[in-house]
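> The following comprises the amino acid sequence and a computationally predicted model.
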Amino acid sequence: MSSTSNTPLREYGAALQAKLRRNMEGKEGILYQVLAYQMGWADESGSPTTAPPAGQHLASLPLAVCSSLTGTFEQALPSAACMALVDGFIQIHEDVQAGSPQRDGRPSVWWLWGPGQAINAGDGMHALARLSLMDLADQGLSVESTIDGLRLLDQSCLELCEGQHLDLSLQDRANISTDLYLKMASSKTGAIVSCGAALGAVAADADAATINGFREFGRSLGVAVHIIQDIEMLWPKNGNGEPSDRLLGKKKLFPVVHIVGNGDAASSRELDNIYRKRVLEPDDIARVLAILDSVDARSQSLEVAAGHYSQAESCLASLTMLGDPQSLRDVAHHITLEAI
């Protein structure tokens, strides 16, 4: 995963933000103030802000896929706006479910407006995502293909909910297998990244085999991202900050699952005993980190993530792309880096 130019991302980002703002034109009221906050456009009082736009790299994926197939990306802007809105809906709901008071260094939506209004805002973003995807017909895509895109979105969101249900249920289980974890990751982040890649192919009016090929690419990429996000919860970026407060809720993160299932007997047994406790304390988290550091769990987990990233690259290599595929590789690289 080498360093790459940001030029395609800047071009995609500017076009995406313009499309999202057009989608919001004429919509007023507190609901849209909350959505503008989640999108990074406004602070909690509604004043414009310079916060980084939300969901930028994931939403660029449909644009890069479409460009790799056709040489242009504009016809995929409805798909990109859809994914940015879906990403916001996911983040809002996850913060409510986890009770997380912050998101990307700012108070989370539920922390400012309450869980009820946050759920409502998340549902509003999901509805706007579907409406945005309907704009594919205005880009010249057939009604049938537009409906196929909507079906793909709904199937992916349903799979996401299945994965989130599994993720929440795993918090109450003392021991889970790596295979079960990967099934959950595939159903959550894998399903959504897969959807973004496939919607780029739909916008390009690609055939079914190509769309499915990009779905497989996105699923492998999504699993890699999910693992890396777990690593970030334990070891924050650049060594700054504390481990995520979600650890106190006994969230099953990949490095813990991996070492319990594949580590030496002593480390596995001690981690298992800690997670069997009814309630975790800060001292327990410190001990978990000490055990993981002693067996180099971070490097081991990054190796597993790199394996899934390599699978994604193999999927790309098997696809026929008419345009320049380098921007797609750049976006995949940045989607992964965004997680660490």
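Cool, got the structure.
> Please enumerate the strands of this structure.
Taking DSSP state E to define them, one finds strands in the chain at 102-103, 106-107.
> just these: most buried one?
strand 106-107 (a mean of 16; mean count of other CB atoms under 10 Å). Every C-beta, even on glycine, is put in place using the N, C-alpha and C of the backbone.
> strands paired with it, and their directions?
Strand 106-107 has the following sheet partners, assigned by DSSP bridges: strand 102-103 (antiparallel).
> So Arg298 sits against Trp235, correct?
Yes - using CB atoms under 8 Å, Arg298 makes contact with Trp235 at a distance of 5.6 Å.
> re the thing from before, now render the strands of the chain as JSON lines, adding distance to Asp293.
Formatted as JSON lines, the strands of the chain follow (distance: least, CB to CB, whole Å):
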{"stretch": "strand 102-103", "distance to Asp293": "25"}
{"stretch": "strand 106-107", "distance to Asp293": "30"}
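> among those strands, which gets the worst mean confidence?
Set side by side, those give their lowest mean pLDDT on strand 102-103, at a mean of 88.
> which ones are touching the closest residue to Lys252 other than its chain neighbours?
Spatially, and ignoring its direct neighbours in sequence, Lys252 is nearest to Leu170 (4.8 Å; CB to CB, 6 or more residues apart in numbering). Neighbour list for Leu170: Ile176, Leu180, Tyr181, Met184, Lys252 [criterion: CB atoms under 8 Å, 6 or more residues apart in numbering].
> Tyr275 now?
Contact analysis of Tyr275 by CB under 8 Å, 6+ apart lists Ala174, Asn175, Lys250, Lys252, Val256, Val260.
> Do a quick rundown of the helices in the stretch 201-340 of the chain.
For the stretch 201-340 of the chain, the helices defined by DSSP state H, counting those that start in this stretch occupy 208-234, 254-262, 265-275, 282-294, 297-317, 326-337.
> Out of the ones you listed, which gets nearest to Ser79?
Across the helices of the stretch 201-340 of the chain, Ser79 has its closest neighbour in helix 208-234 (11.6 Å, CB to CB).
> Centre of the chain to the closest one, how far?
Averaging C-alpha positions (CA atoms, centre = their mean, to the nearest Å) puts helix 208-234 9 Å from its chain's average.
> For that helix, give the mean pLDDT please.
Mean predicted lDDT for helix 208-234 stands at 94.
> Check the gap between Ala265 and Gln33 for me.
Using CB to CB, to the nearest Å, Ala265 is found at 55 Å from Gln33.
> Looking at those two, which one has more neighbours?
Neighbour tally, Ala265 and Gln33, criterion other CB atoms under 10 Å: the higher count belongs to Gln33, 18 against 7.
> low-scoring pLDDT stretches of the stretch 51-200 of the chain, where are they?
Within the stretch 51-200 of the chain, the segments meeting pLDDT under 70 span 51-55, 174.
> backbone phi and psi for the closest residue to Gln171 other than its chain neighbours, please?
Spatially, and ignoring its direct neighbours in sequence, Gln171 is nearest to Lys250 (5.2 Å; CB to CB, 6+ apart). The phi and psi values for Lys250, taken as degrees, to the nearest 10, are phi 60, psi 30.
> Quick check: pLDDT value at Lys250.
76.
> Does it touch Ser169 like I think?
No - using CB under 8 Å, Lys250 is not in contact with Ser169; the gap is 12.0 Å.
> which one of those two has more residues nearby?
Set Lys250 next to Ser169 and count neighbours by other CB under 10 Å: Lys250 wins out with 21 against 11.
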